[in-house]
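S.K.: what's the 3D shape of this:
(one chain, ligands or ions: 2)
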Amino acid sequence: MSDKKEFKAESKRLLDLMINSIYTHKEIFLRELISNASDASDKLYYKALQENISGFSREDMAINLIADKENRTLTIADEGIGMNKEELEEHLGTIANSGSFEFKNALEKGVSDVDIIGQFGVGFYSAFMVADEVDVYSKKYGEDKGYLWKSDTSDGYTIEEAEKATHGTTIVLHLKKDTEEEDYSKYLDQYEIERLVKKYSDYVHYPIKMDVTTSRKKEDSDEYEDVVENKTLNSQVPLWKRQKKDITKEEYDEFYKAKFNDFEAPQRVMHNTVEGAVSYTSLLFIPSKTPMNYYSQDYKKGLQLYSRGVFIMDHAEDLVPEHFRFVKGLVDSQDLNLNISREMLQHDRKMKVMANKIEKRIQTELENMLKDDRDEYVTFFKNFGMQLKFGIYNSYGMLKDKLQNLLMFYSSDKKELITLKEYVEAMPEDQKEIYFASGETVEKCDLLPQVESVKSKGYDVLYMTDNVDEFCLQMMRDYDSKTFKNVTQGDLDLETEDEKKELEQKTEDNKPLLEIVKKALGDKVQDVKLSHRLKSHPVCLASGDGVSFEMEKVLNQMPD
Ligand code: ADP
Ligand code: MG
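M.R.: Ligands and ions are numbered 1, 2, ... in the order given. Take a look at the predicted model:
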């Protein structure tokens, strides 16, 4: 008995894309399925440790691959936690993972490029890039019944009860027919499978096993014979446990892409082993692009947490501070208790020690990047600089000392991003304050009459084009004892004594005119004044000392 069920709408679209995929990296399906098998084994192993269930050793929880040339199937079987009927439905019938969420958002934004799937960790559904039918046999640990989930089209799937002797999940891929462009048979080839496992899944800490046939010389004879042996294909040493000097950039890149669902190699890799009161290894990455969901609710910050190589949790939030929330990665410590819960972690002293060191590590990395590789830093800052400004703002300036030298703003002189330190160093001797202008874009700032006037004095003006900019400056108040001065706000006090006198005289002379203008504008303005601020422009608006025009705009946009 089985009813056909429909996939949820987004899942169906994702599947359609997979089925018709002309994506060139189809081979990643194996990485995705093995990673799911490994996750499922982790979940069971962790449960066994927590509940003191004996008889579980990691070496026993193998992931088995079976290539059946006759039936044209490739099987991936694990002995992990398994799924019951509801879970099969929930996890395989709907888009669940974070990568798929982004994918969904991209679809909603109207991205139609088929190659886009390469940018997401699309997980289970990637099986449909190489298979036209996928059978999933699963039995949940501790439950009696096994089930078969089956789908051969994007229309839907069926679930029925099925015999399964052991707990865990067995996925059978019925490979597509070969076409002129695509050779699917290669996924049955033992060398190809071994290559893929080495490339993508070498560090998986369960043995990935397969029967391989080798030709061996017979004893006492010159003849050769084929021997089949069950071989473990992966080395199982987690990447982060290996010596830094032995790890290639490509290995780091592949590891990052596979583990953190990114299409691009990371911009920076930080791999450190720390010995001390709390010993741990951290492997941290700065992505080379802003993740698509970065500024949405979907984005989860935090690092993966391991204890002696055993996975404890995803997104341990307390390990990275909010202002570095763009950092992805993992931490493995031998000093943590496996039974630790999320709530306990928040108060755990060892976690705090690690979090502090990790924060410092990231801070140093960014400082060095700025010092040694400015172009790279500018790229970083364009991706994530906003986060640093929010950091200062949200901390009410408490993070000023830590972050102020990492900030960059657009300089109207240099026509590129510069640091505050660079601004101050370039200041002429008579300049006392740091001038800035705000506007939606650099072009709009360029057009401000007041900018022109300040620049004519030989002073550079920084442009604040992000909503958060002015709020950040307000929290900082000053830099290097020089206050920030908005060129459109209050009195700039740029005039010489003579100029001031002259202005007073002119104001006196033109009093009737000014009064007429003020009357005509009525409530729209507070006052009408003659000014030295103007060079080529006839008039300008200036705000009082409190909230600037741009801040007023931002505040008006905020929900109450
Ligand atoms: P992700 O792994 O990022 O969550 P996937 O699409 O790869 O996304 O898998 C979706 C979900 O299906 C998983 O989160 C998991 O709950 C379930 N799942 C997939 N494969 C297995 C498996 N071999 N054993 C148990 N559960 C699995
Ligand atoms: Mg997955």
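
S.K.: helices and strands of this structure: which one bottoms out on pLDDT?
M.R.: helix 98-108 (a mean of 60; mean pLDDT, DSSP states H and E).

S.K.: what comes into contact with the helix or strand following it?
M.R.: Next helix or strand after helix 98-108 toward the C-terminus (DSSP states H and E): strand 131-139. Applying CB atoms under 8 Å, 6 or more residues apart in numbering, the contact partners of strand 131-139 are 19, 74, 82-84, 87-88, 92, 127-128, 145-152, 162, 164, 166-177. Heads up, the C-betas are built off the backbone N, CA and C, glycines and all.

S.K.: tell me, which of these make contact with ligand 1?
M.R.: G82, M83, L92, T169 (CB under 6 Å from any ligand atom).

S.K.: mind listing which of these are in strands?
M.R.: T169 (DSSP state E).

S.K.: Spell out which residues of the chain are next to ligand 1.
M.R.: 32, 36-37, 39-40, 78, 80-83, 91-92, 96-97, 121, 123-124, 169.

S.K.: Show the buried residues in these.
M.R.: Neighbour-count burial (16 or more other CB atoms under 10 Å) is assigned, among these, to 32, 36-37, 39-40, 78, 80-83, 91-92, 97, 121, 123-124, 169.

S.K.: Just the ones in helices from these, please.
M.R.: The helices, defined by DSSP state H, take in E32, N36, A37, D39, A40, H91, L92 from these.

S.K.: ok, so of those residues, who is nearest S11?
M.R.: L92 (8.8 Å; CB to CB).

S.K.: Just the pLDDT at the closest one, thanks.
M.R.: Note for L92: predicted pLDDT of 89.

S.K.: Contact partners for it?
M.R.: Contact criterion CB under 8 Å, 6+ apart gives M83, F124, V136, W149, Y157 as the residues in contact with L92.

S.K.: Name the residue of the stretch 301-450 of the chain that lies nearest to ligand 1.
M.R.: Closest residue of the stretch 301-450 of the chain to ligand 1, CB to the nearest ligand atom: D314 (9.5 Å).

S.K.: residues near that residue, how many?
M.R.: Close neighbours of D314, defined as other CB atoms under 10 Å, add up to 13.

S.K.: Pull the CA coordinates from the helix or strand harbouring it and hand them back as PDB.
M.R.: Following DSSP H and E, one finds D314 within strand 310-316. Taking Å, rounded to 0.1, in the frame of the first residue of the first chain, the C-alpha atoms of strand 310-316 are listed here in PDB:
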ATOM      1  CA  VAL A 310      32.900  13.800  18.000                       C
ATOM      2  CA  PHE A 311      30.300  16.200  16.600                       C
ATOM      3  CA  ILE A 312      28.400  17.900  19.300                       C
ATOM      4  CA  MET A 313      26.400  20.700  17.600                       C
ATOM      5  CA  ASP A 314      26.100  23.000  14.700                       C
ATOM      6  CA  HIS A 315      26.100  26.800  15.200                       C
ATOM      7  CA  ALA A 316      27.500  27.100  18.700                       C
END
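
S.K.: Tabulate the CA atom coordinates of the helix or strand just after that strand in CSV.
M.R.: Using DSSP H and E, the helix or strand that follows strand 310-316 in sequence is strand 328-333. C-alpha atoms of strand 328-333 as CSV (Å, rounded to 0.1, in the frame of the first residue of the first chain):
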residue,chain,number,x,y,z
LYS,A,328,32.4,30.1,9.6
GLY,A,329,34.2,27.1,11.0
LEU,A,330,34.6,24.6,13.8
VAL,A,331,36.2,24.1,17.1
ASP,A,332,37.3,20.7,18.5
SER,A,333,38.2,20.5,22.1
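
S.K.: helices or strands next to strand 328-333 in the packing?
M.R.: Where contact means 3 or more CB pairs under 8 Å, 6 or more residues apart in numbering; DSSP states H and E, strand 328-333 is packed against strand 280-286, strand 303-307, helix 349-372.

S.K.: Indicate which one of these is closest to ligand 2.
M.R.: Closest to ligand 2 of the helices and strands packed on strand 328-333 is strand 303-307 (CB to the ion; 13.6 Å).

S.K.: coming back round to it: now the angle from the strand holding D314 to strand 303-307?
M.R.: Per axes from the mean of the first three to the mean of the last three CA atoms, to 10 degrees, the angle that strand 310-316 makes with strand 303-307 is 160 degrees.

S.K.: now Q304: how far from A316?
M.R.: As judged by CB to CB, to the nearest Å, Q304 and A316 stand 7 Å apart.

S.K.: Pick out whichever of the two has more residues nearby.
M.R.: Legend: neighbour count by other CB under 10 Å for Q304 and A316, higher for A316 (23 against 19).

S.K.: so what's that one closest to, chain neighbours aside?
M.R.: Distances taken as CB to CB, 6 or more residues apart in numbering place L305 nearest to A316, at 4.2 Å, with adjacent residues excluded.

S.K.: burial count for the one you found?
M.R.: L305 has 25 neighbouring residues, counting by other CB under 10 Å.

S.K.: cool, Q243 as well?
M.R.: If we define neighbours as other CB under 10 Å, then Q243 has 8 of them.

S.K.: Check L513 too.
M.R.: Other residues within reach of L513, judged by other CB under 10 Å, total 12.

S.K.: State the mean pLDDT of the helix or strand where it lies.
M.R.: L513 belongs to helix 511-521 when assigned by DSSP H and E. The pLDDT scores in helix 511-521 average 80.
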